[in-house]
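1. Fold the stuff below for me.
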Amino acid sequence: MLTENSAVFFDPETERTLTVPRDAAWTKIVFIKNAGLMGSQEGTIATVSGVNLDMGEHKNLLLSWFPPQKKSDMKKELRNWGIGLIAVGVISIFLSAYLDPIWGIMLIVIGIINLFAVHRVMFVINGIVIAAAGALNIISALPSGTTAFCVFGIFQIVWGIDEIRKFGKYRSID
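-> Here you go, the predicted structure:
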């Protein structure tokens with residue numbers, strides 16, 4: 001049941017009623033990723049205060065009830081991305097015998113942009129960069145048969161796609 005200020009869920013297994021305030025929805029209600037043939041994708045199972053519940057056809061209604069994201073949330077997330085990309089870029093330059101310094105420079109530039117360009121399109125750029133790095137890791141690992149880089153590359157592609165989806169998460173901010 002949804003009200004203006006809270007969502008009330010019933011767990012049939014424990015017969016508990018769970019109430020989530022609307023302003024805490026983004027942190028208290030998390031949709032679980034289903035691992036499938038095409039990678040992981042958000043399903044209808046949501047973890048609500050630690051309890052897994054099937055939202056079924058009510059998932060979209062629940063998502064539309066979520067409060068709009070704040071620009072400060074997006075800014076914080078992009079700042080974290082910026083710091084992380086700069087750090088990985090610097091590491092790539094210092095470990096140029098093992099990692100590509102050109103990618104390092106590119107990561108530093110994109111990291112700096114993340115610090116100053118507070119716009120949801122940055123999630124698309126970040127996602128493309130991570131997915132591209134994953135594809136290149138897979139391509140570079142194929143001739144040598146290094147499965148660790150292939151697995152890591154697949155992880156990066158899935159992660160990149162997940163980041164691109166955040167563009168929609170912040171759709172109310174523009």
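2. low pLDDT regions in the chain?
-> Applying pLDDT under 70 to the chain flags the ranges 33-47, 49-50, 172, 174.
3. Strands of that one, residue ranges please.
-> Counting by DSSP state E, one finds strands in the chain at the ranges 6-11, 16-21, 29-36, 39-48, 51-54.
4. What's the separation between Met106 and Leu99?
-> Distance of Met106 to Leu99, computed by C-beta to C-beta, to the nearest Å: 12 Å. (Each C-beta comes from the backbone N, C-alpha and C, glycine too.)
5. and what of Gly153?
-> 14 Å.
6. neighbour-wise, which of these two wins?
-> Neighbour count, other C-beta atoms under 10 Å: between Gly153 and Leu99, Gly153 has more, with 21 against 15.
7. what ranges do the helices span in this structure?
-> With helices called from DSSP state H, the chain shows them at 25-28, 59-65, 71-94, 101-116, 121-141, 147-169.
8. Tabulate these (TSV), appending distance to Val51.
-> Formatted as TSV, the helices of the chain follow (distance: least, C-beta to C-beta, whole Å):
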stretch	distance to Val51
helix 25-28	11
helix 59-65	15
helix 71-94	25
helix 101-116	35
helix 121-141	29
helix 147-169	23
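9. which one of those lies closest to Glu15?
-> Shortest separation from Glu15 across these is recorded for helix 25-28, at 19.9 Å, computed as C-beta to C-beta.
10. Now do the buried residues in that closest one.
-> Of the residues in helix 25-28, 25, 28 count as buried by neighbour count, 16 or more other C-beta atoms under 10 Å.
11. cool, stretch 128-138 as well?
-> Within stretch 128-138, the residues scored as buried using 16+ other C-beta under 10 Å are 129-131, 133-134, 137-138.
12. ok, and what's touching it?
-> 85, 103, 106-107, 110, 149-150, 152-157, 159-161, 163-164 (C-beta atoms under 8 Å, 6 or more residues apart in numbering).
13. For PyMOL, what selects the buried ones among those residues?
-> Listed next is the PyMOL selection for buried residues among these, using 16+ other C-beta under 10 Å:
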select buried, resi 85+103+106+107+110+149+150+152+153+156+157+159+160+161+163+164
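14. Give me the neighbour count for Pro12.
-> Using other C-beta under 10 Å, Pro12 has 7 neighbouring residues.
15. Please report how far it lies from Ala25.
-> Using C-beta to C-beta, we find Pro12 at a distance of 21 Å from Ala25.
16. could the buried residues of stretch 128-138 be laid out in TSV, adding distance to Asp54?
-> Listed next are the buried residues of stretch 128-138 as TSV, based on distance: C-beta to C-beta, whole Å:
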residue	distance to Asp54
Val129	35
Ile130	30
Ala131	30
Ala133	35
Gly134	31
Asn137	36
Ile138	34
